[in-house]
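Participant: Got a predicted model here, sequence first, then my questions.
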Amino acid sequence: MPYSWKPPRGILKSINSSEILKAVTYIVMLVGIFYGLTSYVYSLVDKRLKDREVIERLARIIRPSMIFDSNESTIADLGASEYIESIKIVKYEDQEKKIPIVIEVKPKKHLALAPLLTSIDQYTFMETAERGAGFMLIYKLQHLGSTSPAPPYRFRLEVLQ
């Protein structure tokens, strides 16, 4: 005789269709609430990420940097002022053209990695960063060429964390 399973007689009689309908309704409601909440949270995050102030604050935290020129003027502070006390150009290759070859960067606290120094203009150089007295960092630049005719030359100093 083939085996066939039969549920106990009392279980099917105790479950009626209204209870099944209630259970399905509760499940659908829970799924709807979960979907609505996640959509709401995503819309809030999306709205905040489109806010310029939030993006600037994140950039200052994630990639603090500053832009300065060969006249030692700070053009833009993008969060690096929390780490950098001063920037001084000590020596120029050509005083008239203001081509810097030695730049001193004085951090406010010890930086494990020397900040990254890059040129914004068409000023090409090779750099070596050395530790000076205290927290001082000394960048020695070897001028390789430039297609930018007129100074001041602009640099970006990015604090590496």
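Facilitator: Happy to help now that I have it.
Participant: quick one: the residue nearest the centre of the chain from Leu141, how far?
Facilitator: Central residue of the chain (Cα atoms, centre = their mean): Ile62, 3.1 Å from the mean position. From Ile62 over to Leu141 the distance is 27 Å, taken as Cβ to Cβ, to the nearest Å. In short, each C-beta sits where N, CA and C put it, glycine included.
Participant: Ser39 too?
Facilitator: In terms of Cβ to Cβ, Ser39 sits 53 Å off from Leu141.
Participant: Of those two, give the one with the bigger neighbour count.
Facilitator: Leu141 (22 against 10; other Cβ atoms under 10 Å).
Participant: Specify the local secondary structure of the more buried one.
Facilitator: strand (DSSP: H, G, I helix; E, B strand; the rest coil).
Participant: Also the one 3 residues further on?
Facilitator: Following three-state DSSP, we place Leu144 in the strand state.
Participant: and the closest residue in space to it that isn't next to it in sequence, bridged to which residues?
Facilitator: Spatial nearest neighbour of Leu144, chain neighbours left out: Thr124 (4.3 Å); criterion: Cβ to Cβ, 6 or more residues apart in numbering. Beta-bridge partners for Thr124, by DSSP bridges, are Gly145.
Participant: mind listing the helices for this protein?
Facilitator: 9-14, 17-49, 52-62 (DSSP state H).
Participant: That concludes my questions; thank you for your assistance.
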